[in-house]
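sequence first, then the predicted structure:
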Amino acid sequence: MNRIGWTRGVSRGLLALALVLGVSSAARAEAPRLVILYVPCTVNKSFLSPYDGAVSYTPYLDRFVKDSVVFERHQTESGQSGIAYASIFSGSQSPGHGVYSHPQVLSEDLYLIGEAFEDAGYETHYWAAHPMAAGSLKYGQGVADKNHHDGLLIGKDKRLVRILRKLRRDPNARAFIMASFTVTHGPYNANTVDAFCQRFPDECKNWDAGYKKYYDLYINNAFQLSYNFPEASKALKLGPEEVRGISIAQEQYYKANVSLLDALFGRLVERIRVSGLLDQSLIAFTADHGEVLYRDGAPFKWTHGHALAPEVLNVPWIVRAPTAGVAPGRYAGVTRSMDVFPTLAGLAEVSIPAGTQVAGVDLAPTLRGDVKPKQLPGYSHTALIPEIVQERAKHWTLFRRFYPRNDIEFMSVALRQADRVFKYRHVGEGKFNCEYYDAASDPEEKKNLCDPANAEHMQMVAELKAYQAALQRSFRERDAADSSVPADQAERLRSLGYIE
């Protein structure tokens, strides 16, 4: 499908969006020689300096954004990696790409970003280090087998060095690289905190080795504390001091891992700069989803995929595109994970054939200053819980309240318009609540403003119900062959800590 039907009529009531960019309709430069789509997993954007000026431990990203566009209200389709990566790579949502849960094999009928750049004459590469977006699951379509690389994309990788040398030798050569991986997914790596504190001592003034006991306490009870927190806290006899200790420890370890991610990305960009290709490159940094750490109002802690939490849905997207006539600045409008593919293609002057599943919007003309900012509805939804996870969660009372069985009927949905966030969320026993939050004044979504007597609010509920119905209808209509589950499903889920 070229357009998702539920977008019709959503523009009613949209707030005006602003594009704050120093952009002019300058003459177009040549298409980029090198395009990189860098997509780490589980990145909470409030832990990055481009989104929070108080953050001191992401200096490489801080340097990168000086020449980049920062998208301030970027929304992922779902807090589950398989769905989110499918959205980014296919330029569509679940009715288009067919993924409602993970792990799942993508249909070869899809037209993915790798294929678009391959068709445009780019040599395509995929560094696939994420078990839910692996080449074996067909997320790397458009990339030759020999160009599928295991492991992280890092600056000193010999395979990357060879690509850069080829680009320097041959002025007609072009390369497209995408990377999926995680260094920030839970359980957060505790081995990085010492190096982190040496580099950023101000971030560790109140930190000492005594907090490790709280990290160990979480690790030894991770599933129960993340998915059944009220009962787990009672069973473990956790008082306020223990809960605070776990919260502080987990946040410190997460910061240290984010800092590692920043360094990995910075060294990659530096390698490209040293090669002399940086100003001929188009580089995009984004994420599949964010992460909830500890928050009183969040039902699930230190996780992401099972609730429509703001920290999870609002993800970073930063684009450096000097060859495309795009000046650095900040884009204030709502954008979606499905807009990444068409926008990068537009910035690189790569065409997308008619009749594909791509439903996202090419924002390149807006970023160049040629057209006004688009008013885009940012829809998101929860995932279908795999049966293998559902079985292992049978003793988690809180989780089972939201997901009593493996049924698409319990899918919750959300819509972001500027700083207005509407949700139609399952709260248990088949009951759905209307929720409305002001993201500007209430980023943690503590005060539900939804008023059943407000006609506009009820109109938004109707829009959300239509979106939910379209997702459910599409799921039921899909052929079983379009939703194949890999034989190693359990191993993939276990590798990311979804099951024991």
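Thanks, I have the structure now.

what does stretch 269-277 rub up against?
With contact meaning C-beta atoms under 8 Å, 6 or more residues apart in numbering, stretch 269-277 is reached by 33-34, 36, 60, 64, 155-156, 160-161, 164-165, 167-168, 278, 281, 283. Where you see a C-beta, it was placed from the backbone N, CA and C, and this is true even at glycine.

how far away from the center of its chain is the helix or strand containing R63?
Following DSSP states H and E, the helix or strand that holds R63 is helix 59-64. Taking C-alpha atoms, centre = their mean, to the nearest Å, one finds the center of helix 59-64 at 19 Å from the center of the full chain.

quick one: mean pLDDT for that helix?
Helix 59-64 carries an average pLDDT of 98.

following it, which helix or strand comes up?
Following helix 59-64 toward the C-terminus (DSSP H and E): strand 69-75.

any buried residues in the following helix or strand past that next one, and which?
Next in sequence after strand 69-75, counting helices and strands by DSSP H and E, comes helix 81-90. Across helix 81-90, burial judged by 16 or more other C-beta atoms under 10 Å covers 81-90.

for stretch 431-451, same thing?
432, 434-437, 439, 445, 449-450.

before we move on, what's the pLDDT of Y498?
At Y498, pLDDT is 85.

and it, how many neighbours?
22 (other C-beta atoms under 10 Å).

can you give me the helices for the stretch 51-200 of the chain?
Along the stretch 51-200 of the chain, counting by DSSP state H, counting those that start in this stretch, helices occupy 59-64, 81-90, 94-97, 113-119, 158-169, 193-199.

does anything pack onto the fourth one? Which helices or strands?
Contacts defined by 3 or more C-beta pairs under 8 Å, 6 or more residues apart in numbering; DSSP states H and E place helix 113-119 against helix 81-90, strand 123-128, strand 175-181, helix 340-347.

give me that answer again for 7 Å
strand 123-128, helix 340-347 (3 or more C-beta pairs under 7 Å, 6 or more residues apart in numbering; DSSP states H and E).

which of the helices of the stretch 51-200 of the chain is buried the deepest?
helix 81-90 (a mean of 30; mean count of other C-beta atoms under 10 Å).

check the offset of it from the chain's centre.
Taking mean C-alpha positions (C-alpha atoms, centre = their mean), helix 81-90 and its chain are 8 Å apart.

now that helix: mean pLDDT?
On average, helix 81-90 scores 98.

only the buried residues of the longest helix anywhere in the chain, if you could.
Ranked by residue count under DSSP state H, the longest helix found in the chain is helix 240-274. By 16+ other C-beta under 10 Å, the buried positions in helix 240-274 come out as 243, 245-266, 268-269, 271-272.

same question for stretch 353-362.
356-362.

with stretch 279-291 instead?
Neighbour-count burial for stretch 279-291 [16+ other C-beta under 10 Å]: 280-291.

re the thing from before, in a markdown table: the helices of the stretch 51-200 of the chain, plus distance to S412.
What follows is the helices of the stretch 51-200 of the chain, written out as a markdown table (distance: least, C-beta to C-beta, whole Å):
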| stretch | distance to S412 |
| --- | --- |
| helix 59-64 | 31 |
| helix 81-90 | 14 |
| helix 94-97 | 14 |
| helix 113-119 | 28 |
| helix 158-169 | 40 |
| helix 193-199 | 35 |
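
which one of those helices lies nearest to T303?
helix 81-90 (12.1 Å; C-beta to C-beta).

for the closest one, name the packing helices and strands.
helix 94-97, helix 340-347.

a markdown table please, covering those and showing distance to T184 and mean pLDDT.
Converted to a markdown table, these look like this (distance: least, C-beta to C-beta, whole Å; pLDDT from 0 to 100):
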| stretch | distance to T184 | mean pLDDT |
| --- | --- | --- |
| helix 94-97 | 24 | 96 |
| helix 340-347 | 19 | 98 |
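
what's the span of stretch 402-417, first residue to last?
Counting by C-alpha to C-alpha, to the nearest Å, you get 25 Å between the two ends of stretch 402-417.

next: stretch 428-443.
Stretch 428-443: ends 24 Å apart by C-alpha to C-alpha.

can you list contacts of it?
Contact with stretch 428-443 is made by 310, 401-402, 419-427, 445, 448-450, 452, 457, 461, as judged by C-beta atoms under 7 Å, 6 or more residues apart in numbering.

and if you look at stretch 181-196?
40-43, 129-130, 152, 215, 219, 222, 250, 252-261, 302-303, 496-497.

please, where are all the strands along the stretch 401-500 of the chain?
Along the stretch 401-500 of the chain, counting by DSSP state E, counting those that start in this stretch, strands occupy 413-417, 420-428, 431-438.
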